[in-house]
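Enquirer: Provide a 3D model corresponding to the input given below.
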Amino acid sequence: MLRLLINLTIVLGLTACSQVQVTDYQDMQPAFKVEQFFEGQLTAHGVVKNRGGKVIRTFDATIAATWRDGVGTLDEDFVFNDGEQQKRIWTLTPRPDGTYIGTAGDVTGEGLLQQSGNSVFLDYVLQVPYNDSVIEVRVDDRMYLLTPDLLINESKLKKFGLVVGELLLVIARQPS
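Expert: From the prediction side, this is the model:
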C-alpha cells in the first residue's frame, strides 16, 4: 500500500509539472490560421492583473493587420483607462516549419509564434517601462479562436520565472 501511495504521488507530481503545448489543441476547431484571422481591422478589449490576480487596469485597442509577400504587420494602438496610450507594431515572418518569428520595437530579440488547431502560442521578451527605467519580462501569450471572428487571449508575464502580471483580452475581427 505504501508503494502504491509513493508511486501515485510521483505520478501526480510529474503531471503537475507538465506544460501545455500548442499541439495539445491540434484537433480543436475552428482552425486558427494566423493570416486569415489577423487581416483587416480588429478591436481588442482587456484587463491587466497584478501578480495577485487583481485587475489594476483596463484597455481598448485597435489593430490594423496586413500581409505583404507572406509577411504580416500588426499595427496596434492601445488606450488604457488611466489615459496612457501605447503603440506596438508586430512583424510576423513565416518559417518553413509553419511557425512565425515575431518582432516589435519593444520586444527583445525574436518571439516564436506557433499555431495548432484553434490555438496560437507566442513566447517573447517584452520591455516594460517601470519606475523611470525599463525591465524585461517574458510573455507567454496564448490565443484561442472561439469563432472565425473572435478569440480570447491570456498572457502571463514572468520575471525570474515568477508570474508578475497577467493580461486577459478578447480580439474581434471587424466587418470589412
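
Enquirer: Surely residue 57 and residue 82 touch.
Expert: Yes: using Cβ atoms under 8 Å, residue 57 is in contact with residue 82, at 6.5 Å. Using the backbone N, CA and C atoms, a C-beta is placed for each residue, glycine as well.

Enquirer: Give the residue from those two that has the larger number of neighbours.
Expert: In this view residue 57 and residue 82 are compared by other Cβ atoms under 10 Å, and residue 57 has more residues nearby, 15 against 9.

Enquirer: Now do the residue nearest the centre of the chain against residue 97, distance only.
Expert: Geometric centre of the chain, nearest residue: residue 141, 2.1 Å, by Cα atoms, centre = their mean. Taking Cβ to Cβ, to the nearest Å as the measure, residue 141 falls 19 Å from residue 97.

Enquirer: How about residue 49?
Expert: 33 Å.

Enquirer: Which one's more surrounded, these two?
Expert: residue 49 (19 against 7).

Enquirer: Spatially, what comes nearest to the more buried one if we skip its sequence neighbours?
Expert: The shortest distance from residue 49 to any non-neighbouring residue, by Cβ to Cβ, 6 or more residues apart in numbering, is to residue 166 (4.3 Å).

Enquirer: ok, that neighbour - contacts?
Expert: Going by Cβ atoms under 8 Å, 6 or more residues apart in numbering, residue 166 touches 48-49, 53, 154-157.

Enquirer: what ranges do the strands span in this structure?
Expert: Using DSSP state E, the strands found in the chain span residues 40-50, 55-68, 71-80, 85-94, 100-103, 107-116, 119-130, 133-147, 150-159, 162-173.

Enquirer: Residues in contact with the first one: which ones?
Expert: Outside of strand 40-50, the residues that reach it under the criterion Cβ under 8 Å, 6+ apart are 55-65, 76, 80, 153, 165-174, 176.
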